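Need coordinates for the below:
(one chain, ligands or ions: 1)
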Amino acid sequence: MDSTDDQEVLETTLALLHSRQHISPKRLGDPGPNSEQIEKLLGAASAAPDHGRLNPWRLIVIPPQRRDRLGDAFADALFERDAAATEAQKQEARAKAFRGPFLVLVVARLGPELGTTHPQERLISAGCAVQNMLLVAHAMGFGAGLSSGRALYSQRIRSLFGLLAHEQPLCFITVGSVTRHKLIELRPVMANYTSTL
Ligand SMILES: Cc1cc2nc3c(=O)[nH]c(=O)nc-3n(C[C@H](O)[C@H](O)[C@H](O)COP(=O)(O)O)c2cc1C
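Numbering: from 1, shown residues only. From the prediction side, this is the model:
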């Protein structure tokens, strides 16, 4: 690449990074990514930095026909932590499982069987994998958002996804077409997060 190409790549990259924003799954509708696009999205995760090449995370896609199982798990998790939850609240929890056309759970693999790499390095790798997927979704013209919520950390979700003892669910990623835009919120100011030793 010559320097003009370099400059264009830099500007395109910066524009992509700074225009990405969290889009709530409530605001993501059809069409979602097709199978070729899904390959690219999931494949982008593999470009994350990974000290020791452990692949210390995995991705579990929740296809449309399995959303009802996730919805039941959300409703059960709510009931487990609040036995007074009303039927309407349980329905609301269940409905969250059906938002957005493409949904994937990101799981960190923190167990000793992968080696001695510190858990925080593995979490950084997982975070980079998430960001790669968010940016590729954005570059494809989709909106994408992360979601966690208290149910994520429940035993009910762990058993639905068959998580092993040292695995931690980190977040869901939802990808789809943006049905309602939001204003880009202010980002942190560089001077506030940067110092010099
Ligand atoms: C691990 C993780 C979990 C998140 N879970 C939620 C969530 O449950 N609900 C939500 O509205 N946003 C969630 N977010 C998205 C953040 O709220 C969002 O990134 C933040 O507001 C900054 O906005 P931006 O991504 O547009 O810069 C999550 C982000 C991360 C990193």
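
hang on, Arg58 in a helix?
No. Read with DSSP: H, G, I helix; E, B strand; the rest coil, Arg58 is strand and lies in no helix.

And the lowest mean pLDDT element among the helices and strands of the chain?
For the chain, counting by mean pLDDT, DSSP states H and E, helix 3-19 ranks last in confidence among helices and strands (a mean of 94).

can you tell if that helix touches the ligand?
No. Contact between helix 3-19 and the ligand is absent, the nearest approach being 9.6 Å (criterion: Cβ under 6 Å from any ligand atom). (C-beta placed from N, C-alpha, C; glycine too.)

distance between the longest helix along the chain and the chain's centre?
Identified as the longest helix of the chain according to DSSP state H is helix 119-139. In terms of Cα atoms, centre = their mean, to the nearest Å, the centre of helix 119-139 is found 8 Å from the chain centre.

Quick check: what element follows it along the chain?
Note on helix 119-139: by DSSP states H and E, the next helix or strand toward the C-terminus is strand 143-147.

export that following strand as PDB, just CAs?
C-alpha atoms of strand 143-147 as PDB (Å, rounded to 0.1, in the frame of the first residue of the first chain):
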ATOM      1  CA  GLY A 143     -26.600  -2.200  14.400                       C
ATOM      2  CA  ALA A 144     -25.300  -4.300  17.300                       C
ATOM      3  CA  GLY A 145     -25.600  -4.100  21.100                       C
ATOM      4  CA  LEU A 146     -24.300  -5.900  24.100                       C
ATOM      5  CA  SER A 147     -26.600  -7.000  26.900                       C
END
